[in-house]
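> I'd like to go over a predicted model; first the sequence, then the structure.
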There are 2 protein chains.
Amino acid sequence: MTGARRLPGSHLALGPGAEFDRIRNIIDVLGPQAVGLGDDCGLVEQEDGFLALSTDVSVEGVHFRLDWITSEEAGWRATAAALSDLAADGADPVGVLCAVTMPRTSPESQLLEVTAGVRTAAAAVGAQVLGGDLSSGPVLSIAVTVVGHTPRPIIRSGAEAGDGLWVTGTLGDARAALHAWLTGRQPAARARRKFAHPEPRIAAGIWLARHGATAMIDLSDGLAGDARHLAAASRLAMTIDLDLVPLGRDVRDEALTLGVPEAQFAAEGGEDYELLVSLPESFAAADAFARDCGIPLTRIGEAAPGSGVEFVSAGLPIELRGFSHFG
Amino acid sequence: MTGARRLPGSHLALGPGAEFDRIRNIIDVLGPQAVGLGDDCGLVEQEDGFLALSTDVSVEGVHFRLDWITSEEAGWRATAAALSDLAADGADPVGVLCAVTMPRTSPESQLLEVTAGVRTAAAAVGAQVLGGDLSSGPVLSIAVTVVGHTPRPIIRSGAEAGDGLWVTGTLGDARAALHAWLTGRQPAARARRKFAHPEPRIAAGIWLARHGATAMIDLSDGLAGDARHLAAASRLAMTIDLDLVPLGRDVRDEALTLGVPEAQFAAEGGEDYELLVSLPESFAAADAFARDCGIPLTRIGEAAPGSGVEFVSAGLPIELRGFSHFG
């Protein structure tokens, strides 16, 4: 191992917003001690590539409620959210570590359910459980750290003017589930599954890294917020056509109840854990991607010189809001 | 990198106790997905040695109170506690990742103080901050994951019959501070510092690994509990002479207020973050250790065929209790 390495442009350039002002202030405090903050993973250079590491905490009442999903799903979901950062770097998972807090009065069966969720999410991508910690605490919280390996990390800052912008899978189902719960209804089964059991796009991330991806980010804060991070990190302007965004099957009905256009509903929703990726203009292998990875890859926009992200629908600009957790 | 590796005997053998029954049940659920659980670190074999990883969560009201220590000290302490697991494996730290929850109403300055504590603890041992996450949550909690590297990890199961048992530094000061606070007094300055600002014994761990350490564990659960883990993992009996245990300067006064013999007070207290290490009978370099590492190394017992740990004082066996957090 040859030590942690700061890749050029791999941090400091975040999109606008109060949450990201906070992160900018943290990076200021950390100074030269920080490596890769503001990207999906921290990177440590090795003989044969890079270790990629990321940590992600899921908190009851903020990221999920236990009357919505089971404890096992909470364990899966927290682990999948962290693994999604490895996917965004094109990294292959090696291991996960998990620190759990829960009330002293929680039954041991609940802890074992959380553990089972962590285990199955790790096993699904070939990662081992390398460590854990347990403490009492006022609510269930699950902090998952993931470590993976990649010969060539795909960071946020590598997009070039002229690149196309593509998205994996479909968007908006996690928000559709959340919106149903928050308005006192049960979500449709598919939307519920996307929220409770997201699949980290590990195979897709590795495929895209091998097929020329120039920059990549996972959609945890929603397309509206995460596209701004990609544009800011790459110091480019990006235009995204909302009419091209691939939508989950249950998005239309939930968007209707809220009176919001369905693509806007999807782009403003978080936690889809799909990938937003820039690829050279010449990229033409979306069909091969779909065949190899089992999910669609859809072109939704392009990068150009300049700054900021413009979302358009029917040729007109649309103002989008970023996603905040409900808690 | 050649993948995660289970070292022989590196898990499953834990000391007795309800908390460890829980961990045994977790390991059962994890099955073949678990590597190294029950040891200080999870290990991943590489070309030039092993990655060592560990995660540790510190929760307000369980591990610390913010009327006892500052937010910066809470950040240092949480990071030092996780780094202490690397010390116990003889590993050299590479990086730390940190997931923080705090109430929405907390001032941003508090988050920056926590971050400063994490940064200085990482910088003190040459580690970089590789990642972080932030969420709202009912209390301040700090989940720190550490990654390090070692050519030869020292695990808990390597002790041999005839080995001497040694301890670094002095014990009992963290409990002395805790006991003062819990009984409504301010702790003495030295005891307070050991609680608020523990020094992970990284240099000591590396020194001991290079000088023949056969097994090692950090004293987070207290000598009474952690010696039992070492004995169980190594499938040996251990005898520890409490009259030989090196005591912190403020232990005597606090032990007196509780009416407990001072060595018992120290051995039943947790979170000293010193190292308990087994060394071959022939080891005679404690003076060199003290010169190189700046802290004492004291022989307190030995390992023999059999099982369990016997604590003695004035030649008589003493029953000790394990340490539990106050919250």
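Happy to help now that I have it.

> Could you pull up the contacting residues of A:Met238?
By C-beta atoms under 8 Å, 6 or more residues apart in numbering or on different chains, the contact list for A:Met238 reads A:Ala159, A:Leu165, A:Ala227, A:Leu230, A:Ala231, A:Gly301, A:Glu302, A:Ala303, A:Ala304, A:Gly308, A:Val309, A:Glu310. The C-beta positions use only the backbone N, C-alpha and C, and glycine is treated the same way.

> my read is it is in a helix, agree?
No. Per DSSP: H, G, I helix; E, B strand; the rest coil, A:Met238 lies outside any helix segment and is strand.

> how near is the residue of chain A positioned farthest from its centre to A:Ile69?
Most distant from the centre of chain A: A:Thr105, at 32.6 Å, with distances by C-alpha atoms, centre = their mean. With the distance defined as C-beta to C-beta, to the nearest Å, A:Thr105 ends up 20 Å from A:Ile69.

> again, but for A:Glu319
Counting by C-beta to C-beta, the gap from A:Glu319 to A:Ile69 is 32 Å.

> For the two, indicate the residue with more neighbours.
Counted by other C-beta atoms under 10 Å in any protein chain shown, A:Glu319 and A:Ile69 do not tie: A:Ile69 has more neighbours, with 20 against 7.

> ok, how many other residues are close to the closest residue to the more buried one other than its chain neighbours?
Excluding its sequence neighbours, the residue lying closest to A:Ile69 (C-beta to C-beta, 6 or more residues apart in numbering or on different chains) is A:Ala196, at 4.4 Å. Counted with other C-beta under 10 Å, residues neighbouring A:Ala196 total 21.

> Under the pLDDT cut-off, which ranges of chain A? List them.
Where chain A drops to pLDDT under 70, the residues are A:1-14, A:18-19, A:33-38, A:326-327.

> Okay, domains of it per the record?
Following automatic domain parsing, one finds the domains of chain A at A:1-38, A:52-150, A:156-318.

> tell me the most buried of the ones you listed?
Of all the domains of chain A, domain A:52-150 has the most neighbours on average by mean count of other C-beta atoms under 10 Å in any protein chain shown, namely a mean of 24.

> Which helix or strand contains A:Trp76?
Assigned by DSSP states H and E, A:Trp76 belongs to helix A:71-88.

> Next SSE downstream of that helix?
Where DSSP H and E defines the elements, the next helix or strand beyond helix A:71-88 is strand A:92-102.

> Please work out the angle formed by the directions of that next one and strand B:92-102.
Per axes from the mean of the first three to the mean of the last three C-alpha atoms, to 10 degrees, the angle that strand A:92-102 makes with strand B:92-102 is 50 degrees.

> and the next element down the chain from strand A:92-102?
Once the chain leaves strand A:92-102, the next helix or strand it forms, by DSSP H and E, is helix A:108-124.

> Return the list of helices and strands in contact with that following helix.
Judged by 3 or more C-beta pairs under 8 Å, 6 or more residues apart in numbering or on different chains; DSSP states H and E, helix A:108-124 is in contact with helix A:71-88, strand A:92-102, strand A:128-136, strand A:141-150, helix B:18-30.

> For the closest residue to A:Ala124 other than its chain neighbours, list the residues it contacts.
With sequence-adjacent residues excluded and distances taken as C-beta to C-beta, 6+ apart, A:Ala124 is closest to A:Glu199, at 7.8 Å. Residues in contact with A:Glu199 (C-beta under 8 Å, 6+ apart) are A:Ala80, A:Ala124, A:Tyr273.
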